[in-house]
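Visitor: okay, predicted coordinates and the sequence, questions at the end:
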Amino acid sequence: MSLTKAGLVNHLYTSKNLSKSESVQAVESLLKIIKDCLESGENVLISGFGKFSVKDKRARRGRNPHTGDDLILAPRRVVTFRPSGVLRQKINGKTAE
């Protein structure tokens with residue numbers, strides 16, 4: 001099961017005593033800030049969670065799996081995520097020392 005935007009809104013609504021519209025606005029605002037930063041090439045570092053960054057990928061040779069034809073894939077930008085040590089430890093069931 002995945003956590004969705006609606007799930008985040010519902011969690012804020014039930015646990016933080018916010019109205020539904022305030023919860024939606026809080027989630028939308030946070031996501032907009034993250035998107036705007038990444039779009040402009042800035043990194044997003046959330047302490048205790050991880051770092052989102054944008055990487056440039058070069059053009060590369062690829063292959064159409066259906067026809068087997070070679071092609072050149074255009075250069076592009078991708079978003080990467082690197083979890084913090086705290087998050088990595090929690091995922092692996094270890095406690096912070």
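Guide: Good, I have the coordinates. Here the structure is a predicted model, which means the values were calculated and not measured. Residues are numbered from 1 along each chain as shown.
Visitor: break down the protein into its helices, ranges please.
Guide: Secondary structure of the chain (DSSP state H): helices located at 5-15, 20-39, 85-91.
Visitor: between the ones you listed, which one is nearest to residue 72?
Guide: Taking C-beta to C-beta as the measure, those were each checked against residue 72, and helix 20-39 came out nearest at 25.5 Å. (Glycine included, C-beta is placed from N, CA and C.)
Visitor: list the buried ones in the closest one?
Guide: Applying a neighbour-count criterion of 16 or more other C-beta atoms under 10 Å, the buried positions in helix 20-39 are 23-24, 26-27, 38.
Visitor: one step back: looking at the helices of the chain, which is nearest to residue 79?
Guide: helix 20-39 (5.9 Å).
Visitor: now the closest one against helix 5-15, angle please.
Guide: Relative orientation of helix 20-39 and helix 5-15, computed by axes from the mean of the first three to the mean of the last three C-alpha atoms, to 10 degrees: 130 degrees.
Visitor: for helix 20-39, name the packing helices and strands.
Guide: helix 5-15, strand 44-46, strand 50-57 (3 or more C-beta pairs under 8 Å, 6 or more residues apart in numbering; DSSP states H and E).
Visitor: dump these into TSV; add mean pLDDT and mean neighbour count as well.
Guide: Formatted as TSV, the entries for these read as follows, by pLDDT from 0 to 100; neighbours: other C-beta atoms under 10 Å:
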stretch	mean pLDDT	mean neighbour count
helix 5-15	93	14
strand 44-46	96	14
strand 50-57	96	14
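Visitor: I'd like these as a markdown table, with distance to residue 74 appended.
Guide: Converted to a markdown table, the helices and strands packed on helix 20-39 look like this (distance: least, C-beta to C-beta, whole Å):
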| stretch | distance to residue 74 |
| --- | --- |
| helix 5-15 | 30 |
| strand 44-46 | 25 |
| strand 50-57 | 9 |
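Visitor: right, I'll leave it there.
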